[in-house]
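In: Got a predicted structure here, sequence first:
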Amino acid sequence: MSTPETLRQRRPLVTGGKTVHDVSLDVCAPAERWGSRGYWLGFSTSQTALFIYLCAWLLVQTIGLKLVGINNRMDWGSFIVNFVFWVGIGHAGTLISAILFLFRQNWRTSINRAAEAMTVFAVSCAGVFPMLHTGRPWLAILFVFPYPNFRGPLWTNFRSPLEWDVFAVSTYATVSVLFWYMGMIPDLATLRDRAKHPIRKYLYGLFSMGWRGSMRHWVHYETAYMIFAALATPLVLSVHTIVSFDFAVSILPGWHTTIFPPYFVAGAIFSGFAMVVTLLVPARKLFHLEDYITIDHLEVMNKIILLTGSLVGFSYITEFFIAVYSGAPFEKFAFLNRAFGPFGWAYWIMMSCNLITPQFFWFKKIRRSIPLMFLLSIFVNIGMWFERYVIVVTLTRAFVMPQWGTYVMTFWDAVILLGSFGQFMTLFLLFCRVLPVCNMSEIKAFHPDTLRQIRESHDHE
Amino acid sequence: MSDTHASHEWKSPEQRRGEVPAASLNEFQNPARLEEPSDSARRDFLKIMGAGAAAVGFAGCARPVEKIVPEVNRPEQFTPGSKVWYASACQGCADACGIVVKTIDARPLKLEGRKASLVGRGGLCSRAQAATYDLYDPERLQRPLVAGEAVSLKAFDETLLVELRQARSVRWLRGAYPSEVKRRSVEAFLATFQDGRETVWDPIAPDAALKVQELLHGSRILPRIRLDRADRILDLGSDFLNLYWGRLDLARDLSHRRDLDAFPEPPRLTSVEGLLSHTGTNADDRIQVRQSQVADVGFAVASEVAGIVGDSDPRIRSALAPYSIGKVSAATGIAPEVLKALAVDLAKHRGKAVALGAPTVRAQLAAGILNILLGAEGTVLDGTVSPSYQFETGTEDIAALVADLDSGKVDILFVDGVNPAYGLPESAGFAKAAAKAKLVVSLALHKDETAELARMVLPTTHWLEDWNAAEPQKGVHQLAQPTISPLYKEVRSSTDSLLAWTRVLGKPTPWNAATAHDAVQGHWADVQSGAAVAGTFEAFWEDSLRHGGHVSHALRVAREGAPAPRPLSGADLVQAAGPLSPPPEGIELAPYWPAGIREGAQANNPHIMELPDPVTKQVWGNAVLVGPARAALLGVKTEDLVHVKAQGSEFDLVALVVPGQHKDVVGVALGYGRTAKLRLLDGNPELPVWTRLAYADDGKGSGTKTPAVGVDVLRISKTETVTPLAAEVSRTGRDGRLSATQLQQDIANQAKPGDGEWRQIAIQVNWEEYEKDRKVGTPEEESKLFTVWGDPVYKSPQQWGMAIDMNRCNGCSACVVGCSVENNVPMVGFEEVRRGREMHWLRIDRYFHGELEEPQVTHQIMVCQQCDNAPCETVCPVLATTHSDDGLNQMTYNRCIGTRYCANNCPYKVRRFNWTNNWKAQGMFDLYEKTDDGRTPNAPLAMAFNPEVTVRSRGVMEKCTFCVQRVQNARYESKELGLEKVPDGEIQTACQQSCPAEAIVFGDIKDPTTKVSRLIRSERGYKVLDWLQVKPNVTYLPRVRHTADRKAVSAAVAAKKQHEDGAHEAPGAEP
Amino acid sequence: MPLEKRSPSTLAGVLALAAVFVLAAYIVVVPDAWHRATNLFYYANQGYQPAQPLDYNHHLHAGIRKIPCLYCHAGIDRGAKGVVPSLSVCMNCHMAIPTKDRPKLEQLVSWYKTGTPVEWTKVHDLPDFVRFNHRQHLAAGVVCQTCHGPIQDMNVVQQWAPLTMGWCVNCHRDSTATGRHNAPTTCQTCHY
């Protein structure tokens, strides 16, 4: 808990002279008001996308993976790209809520809820792909988890990075859901107490687990939150490290590199923050939260994007240099082929989006300009999708030349990629309507008025 | 010796213990079976339907209730589910190689070469490997047709007899097959008419060779070619590995001579050709020339050789007079040094050199003259002791038949098992002429193009259901026995029909035979008396059945000796050789017979249609093959649609750029573009589900599909089908689509100098370098990576490994089909192959080395390397692929969930994923599924499955298993015999077994005495990508090219360049 | 606090507890619920006893009359598949046995005379990706009862063993451990 002294010099986290009571009013408003036209437009669009998405999966699962572009030369395709992309997106939330919490970054209070929600939804989007990209998902669900069975018994292969993935991602999903939910309990109670309709009252009551805001509750809450933060922190780093092992542990030139773990993590945070910006910029407008998610918040995030973006760009250059400098012919070929081979265009999209785009954030004007940061964040998202694409299409030119192939995404690849955004947006928009978008209790804790009261109480003694 | 061979032929312990199930050998001798085949056919059906399992290898969710339907009377000694091997002879083509047929539950499932046979000698071609899929083809005709109406066999005979009784002039057209039984049956039948004549015709028959043999030696007898005695081979555009008689023996002998451990020096094969032919890819030297000028080059070399060896025969000298090296090199643009060097080299090896000519009279003559000059007669060529009878002597020319028909005096034309309506060029006008005959009767397996012309169609049995006997080479008697009774009630073998009709017409049949079986026995009695074999006929017959034929010991000995050379008969060679024609202008279109599909008879067989061409790797159709230089001039690249105009007619076809093809020659494969209404061709409306395979999208995603069976060049060709035609080729600017297992982009990549070499995957070296250093080109030890994995320890006393000699392999792809048939590998069709989803477990990678214009080709067989540190195993999350006690990398289909990480992580890319339920998509599972009219159209095809191998379904990874089913069988059989280990050579993988070149050796690598261990220890052996430390268990022996000295060749190239430049500036400037 | 009493979460807790009790009760009350579960999840068809077109009685023939198994199932020691005897084998004896007022025997004989094959329902039905070889096991001295159970006491054949992979593997493991046989347990012993 930072002392009032340190806080005095800072810019207020809540602007527009909002009182503590206004916080409840404004944050609960979306959940208590009928959605605006803009909201319903967005919601119906994303729901349509979600519906098409489900149909596409149904078709691909009934006819077979021959519908998508992968082939015997290149056995992984857009599904794995999307998986890694979404898992990456899912990093910002936990980082903001856990690591920034441990580092006492109070500015996180107004954005952490949304960021965590985004994390949970992104991970849920990601979770679909590894399961459904398998040839026989109905068996995959049975076989990938180790449990006593009637087959001898037959266990799973603990040497396989895919098996590590199963644990890493499922753990991450579980922890982030619990963390998200636990942080929400006090706010759910607020919603419960404000609710008029009996069903609303009942449901919010059910999920707020009888929170009364008593001193005892707060003490437990704070402790638990601290513990969760401590638990979640290593996960932020571990998950994408392990996802990167899917590639790094293989023996393929272009995949088999030790630099992958750090640069995957950096990339994940990079893309995660970009996605937070992409979402919050319209959200704060849509739900009139400009006074809580202030331009200062966004600027801080852009700084982080700049940092991680530069890290990522640095790793790109390093791995290329090492590959060419090492003199390992296959390695050298793989990277030259990436840049100047048939998929060079993807490589240069990746480079320009991930290396150049963030550099614009050196300029304060751009950091603080809403439209520009929105645009740039979208470029970063595109770039990060292509980063994974570039890595995966390395498969088309592996060791044995006669088995070189090519990769053309089919119609269904595209539908499923876009559809997953439908799933993501549907969930996120639902969240905005039924749950508190900002962490009310914490905002109140760092509200100028609260701080003044604290200061006064200090002065009394 | 026959006993030792027998033990090789008979692969089950009963056989080794000499308990040949006599009953199962006798079971077809009972004529009753032939009279009422329906019973046994039904029983065969019940057997599989009962055994059920065969078809459905599918980890379903619902437990299916299966039935067991035992026979009412099970034949003596017949054990359900156990293998019985029948020795027989292949009737797929005129070569009549010896085979053994594996049958399970009375179903022939796999054909294998018979080691003891003197023809084929254990190898088997792709066509024969795929034969079972012809036998079980659901589109076989099942009832006779009269004017399109399906009738019973009885009714058909009655209708026909009316016609026969009043017929005067009858013609019988049949395919070439050296069968005395067939010949005499036809003879006897035709003898019942005033004017009956037989025509034997085979599209690939070496008619030109026969003519030239007659011209030179006065008899139409093809010599037996013993390449194992040849140090120098001059291939004048012959593509002999593909088109010559006894081609499996040629392949075997060539590869045998290329065994670097057995011989001090490999032979030198020099190819003179315009296209890059299958044989050309195996040449040590290639000389590019227009296809039409191959003969000229031959004559030029001959005249030079004549000068060197000082032959004084005036006939030859006068014939060669116009062909001085100077003139020819001026006309062809080949540097004279090259031709001189070639001639000197050949002359130096007089008596050990041979020339093989293209199937045109002049090329054959050039080859014939060279062979006389080089003394090949009597050493390499055997024209006297045991010459080839494969293409029968005294055949009438097909042209005469057509003329007869055209004159309208022919009453009845019988077409027996051949398809002239497709196989003869348009210009021959067969269809028109046949229409003038009063009646055309077609005896056919399918409703092919000819059957569509015929008013009466009699479905014949597949040859696996027939009795027959053959004499492919003098004194080599093959006995072909049926391995299943006819699947359908209303079909009959043509020999049976002939005998039946002859008897009804009241004339004597040969050996007074009522059935083919009697006739064969009658003939066999003659064989016995001819060969003066003592003992009863029954004993001889039994013995012959067991060994698939009979060859007298005397002949075996004589064949090894030196035959008497045949003298040059007094003929006018000058007229045949003709003058040297002036250098032709423009492009010439060279049609050729491709290796897989050949003349197109098997165009309804998925295994053949999806067999990658050894050179182009194209499947499901043909293309216009263009050399790189010509492609640059035309501005076309692979997959462009080009417009070809020749002989006044024209067509559009997709282009395919082939390195090393002559600038002025474009090639188009024959055998494609058939129009019959069959599922893999123009589509069979009755079996819609089948048509998917052969159909191609339009590439624009509009969903419209068109047959992708290519273009039939014969529609525009002259009678001599492989003569080049003057043609115009232009680009249309539109894109075409072709399907190939090896994307064409890699040609350009690999032709980059040096690229591909540093990978050290397919290593080829030059003989001179190799002589100096046996390890030349193979990767060094120190290049290996550091590894944390220790050396593997296997519990089993044996560990399996393989050695592949790329110096022996010629890329014929028989192993590919053998593997697919043995392991139930599905064929996926044009579009899927195009997307890189072919399923072949075994592939032959084709590598180009050197320049685009002068490439050298290496064929590399690529199978699962069964790595000790298999990278696929560590990454599978569910342990679906693991390592076995005996060092095999085992794939457990039912555990596989299809993450496909194993395939990504496989450096050799040998793993294959089922992107959809391939067999289901082809209707193979619809065993019980009935159509509206109650037929089960796909039932027969499900009988082709090998019940010893699981049929994989959707979402499952699969790969080469080293034929683990064979390993397991051999293991427990040896165990029962009380053996600690499986004896060496007891297990033969399907690919090894089918390889005519013996390029693949499989066995125990723990035991240092086995053949495979010896090869692995060979100092030139290397392992692909060994530096990765995945520790593969397949050792490769590099391709060693015995090229002529470099200077001459480079001079040639330089000279050729000059010539071309000159030609561009002033066309026709040469003298 | 009254609020706490009425807390809906308490209600949820009670419901969850109730569900657990119901499940426990099912497992206790319903006979061989566990076995049913295995059948459900692993297709172990233990106890499967379909009706057959011809009610042949193993107890009578193999049990009381002591006819050796390999008399009817001749050739099972030569091939991989289980051999179900053909009608002619039955008739070896039954042509000497009067069929008068024995409808079942009459049916047998009539089927034989008319050449109608009997369509038995397969009882021991392994998945098609499992390769079981009778010949190997008989050669190793495994008796029929090891897998088929006390067949000589069965009036109607039923699947006695679970025939799950674990069941096979255990036997292979034990027999190797005790040194009775050398039964491999690598995947491709049964799966290829």
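Out: That came in fine, so what should we check first?
In: And B:T1035, its phi and psi?
Out: Dihedral pair for B:T1035: phi -100, psi 140, per degrees, to the nearest 10.
In: wait, doesn't A:H297 sit right on A:W107?
Out: Yes. A:H297 is within contact range of A:W107, at 5.9 Å (criterion: C-beta atoms under 8 Å). (Each C-beta comes from the backbone N, C-alpha and C, glycine too.)
In: average model confidence for stretch B:512-523?
Out: In this model, stretch B:512-523 has an average pLDDT of 94.
In: One more: stretch B:796-809?
Out: If you average the pLDDT over stretch B:796-809, you get 94.
In: The residue of the stretch 201-350 of chain B found nearest chain C: which element?
Out: The nearest approach of the stretch 201-350 of chain B to chain C comes at B:L248, 30.1 Å away (C-beta to the nearest C-beta). Element membership for B:L248 (DSSP states H and E) is helix B:247-257.
In: Mind listing residues that contact that helix?
Out: Helix B:247-257 is contacted from outside by B:95, B:97, B:113, B:119-121, B:123-125, B:225-228, B:230, B:233, B:240-241, B:244, B:262-263, B:266-267, B:269, B:282, B:805, B:807-810, B:812, B:996-999, using C-beta atoms under 8 Å, 6 or more residues apart in numbering or on different chains.
In: next SSE after that helix?
Out: Of the helices and strands lying after helix B:247-257 in sequence (DSSP H and E), the nearest is strand B:268-273.
In: Within the sheet, what are the partner strands of that next one, with directions?
Out: When pairs are called by DSSP bridges, strand B:268-273 turns out to pair with strand B:232-236 (parallel), strand B:285-288 (parallel).
In: Is the closest residue to chain C within chain A in a helix, a strand, or coil?
Out: At 3.7 Å from chain C, A:G210 is the closest residue in chain A, using C-beta to the nearest C-beta. Three-state assignment for A:G210 (DSSP: H, G, I helix; E, B strand; the rest coil): coil.
In: Highest mean neighbour count across the strands paired with strand B:268-273, which stretch is it?
Out: Comparing those by mean neighbour count (mean count of other C-beta atoms under 10 Å in any protein chain shown), strand B:232-236 comes out on top with a mean of 28.
In: counting contacts, what elements does the very next helix or strand once past it pack onto?
Out: Note on strand B:232-236: by DSSP H and E, the next helix or strand toward the C-terminus is helix B:240-243. With contacts defined as 3 or more C-beta pairs under 8 Å, 6 or more residues apart in numbering or on different chains; DSSP states H and E, the packing partners of helix B:240-243 are helix B:247-257, helix B:278-281.
In: Restricting to C-alpha, output the longest one in CSV.
Out: Just to be clear, that refers to helix B:247-257. Only the C-alpha atoms of helix B:247-257 are listed here, as CSV (Å, rounded to 0.1, in the frame of the first residue of the first chain):
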residue,chain,number,x,y,z
ARG,B,247,12.4,-55.6,-69.4
LEU,B,248,12.6,-56.9,-65.9
ASP,B,249,15.6,-59.0,-66.8
LEU,B,250,17.2,-56.1,-68.5
ALA,B,251,16.8,-54.0,-65.3
ARG,B,252,18.1,-56.8,-63.1
ASP,B,253,21.1,-57.5,-65.3
LEU,B,254,22.0,-53.8,-65.6
SER,B,255,21.8,-53.3,-61.8
HIS,B,256,23.7,-56.6,-61.3
ARG,B,257,26.5,-55.2,-63.4
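In: Strand B:268-273 and that helix, what's the angle between them?
Out: Here helix B:247-257 runs at an angle of 140 degrees relative to strand B:268-273 (axes from the mean of the first three to the mean of the last three C-alpha atoms, to 10 degrees).
In: neighbours around the residue of the stretch 201-350 of chain B closest to chain C, how many?
Out: Neighbour count of B:L248, defined by other C-beta atoms under 10 Å in any protein chain shown: 25.
In: Using the three-state scheme, assign B:G777.
Out: coil.
In: ok, what's across the strand from the nearest residue in space to it that is not next to it in sequence?
Out: Once flanking residues are discounted, B:G777 sits nearest to B:V765: 4.3 Å by C-beta to C-beta, 6 or more residues apart in numbering or on different chains. Beta bridges link B:V765 to B:V1040, judged by DSSP bridges.
In: Neighbours of B:V765, how many?
Out: Number of residues near B:V765 (other C-beta under 10 Å) recorded here: 19.
In: Who are the contact partners of it?
Out: For B:V765, the contact set (C-beta under 8 Å, 6+ apart) comprises B:776-777, B:1038-1041.
In: And A:V84, by the same measure?
Out: With contact set as C-beta under 8 Å, 6+ apart, A:V84 has these partners: A:126, A:243, A:246, A:264, A:388.
In: which residues does the residue of chain A found nearest chain B contact?
Out: Relative to chain B, the nearest point of chain A is A:G135 (2.1 Å; C-beta to the nearest C-beta). Contacts for A:G135 (C-beta under 8 Å, 6+ apart) come out as A:65, B:896-900, B:913-914, B:954-957.
In: Reformat the residues you listed as a markdown table; add neighbour count, pLDDT and distance to chain C.
Out: A markdown table is the format used below for the contacts of A:G135 (neighbours: other C-beta atoms under 10 Å in any protein chain shown; pLDDT from 0 to 100; distance: C-beta to the nearest C-beta, whole Å):
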| residue | neighbour count | pLDDT | distance to chain C |
| --- | --- | --- | --- |
| A:L65 | 27 | 91 | 21 |
| B:C896 | 29 | 94 | 10 |
| B:I897 | 25 | 94 | 14 |
| B:G898 | 25 | 93 | 15 |
| B:T899 | 28 | 94 | 17 |
| B:R900 | 27 | 94 | 19 |
| B:F913 | 25 | 95 | 17 |
| B:N914 | 26 | 93 | 14 |
| B:R954 | 22 | 89 | 14 |
| B:G955 | 25 | 91 | 14 |
| B:V956 | 27 | 94 | 10 |
| B:M957 | 26 | 95 | 13 |
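In: before we move on, back to that, most tightly packed of the helices and strands packed on helix B:240-243?
Out: helix B:278-281 (a mean of 26).
In: and stretch B:596-615, how far apart are its ends?
Out: 11 Å (C-alpha to C-alpha, to the nearest Å).
In: tell me the mean pLDDT over it?
Out: The average of the pLDDT scores along stretch B:596-615 is 90.
In: ditto for stretch B:662-675
Out: In the prediction, stretch B:662-675 has an average pLDDT of 90.
In: Find me the pLDDT at B:A96, would you?
Out: 93.
In: count of neighbours near it?
Out: When neighbours are counted by other C-beta under 10 Å, B:A96 registers 30.
In: again with B:G790
Out: So B:G790, with other C-beta under 10 Å, has 8 neighbours.
In: In terms of helix, strand or coil, where does it fall?
Out: Secondary structure, three-state DSSP: B:G790 is coil.
In: ok, it to B:N869 distance?
Out: As for B:G790, its distance to B:N869 is 9 Å (criterion: C-beta to C-beta, to the nearest Å).
In: cool, and B:H840?
Out: Going from B:H840 to B:N869 by C-beta to C-beta gives 25 Å.
In: So which of the two has more stuff around it?
Out: Applying other C-beta under 10 Å to B:H840 and B:N869 shows that B:H840 carries more neighbours, namely 28 against 19.
In: Name the residues of stretch A:246-265 that are buried.
Out: By neighbour count, with 16 or more other C-beta atoms under 10 Å in any protein chain shown as the criterion, the buried positions of stretch A:246-265 are A:246-257, A:260-265.
In: Done for today, thanks.
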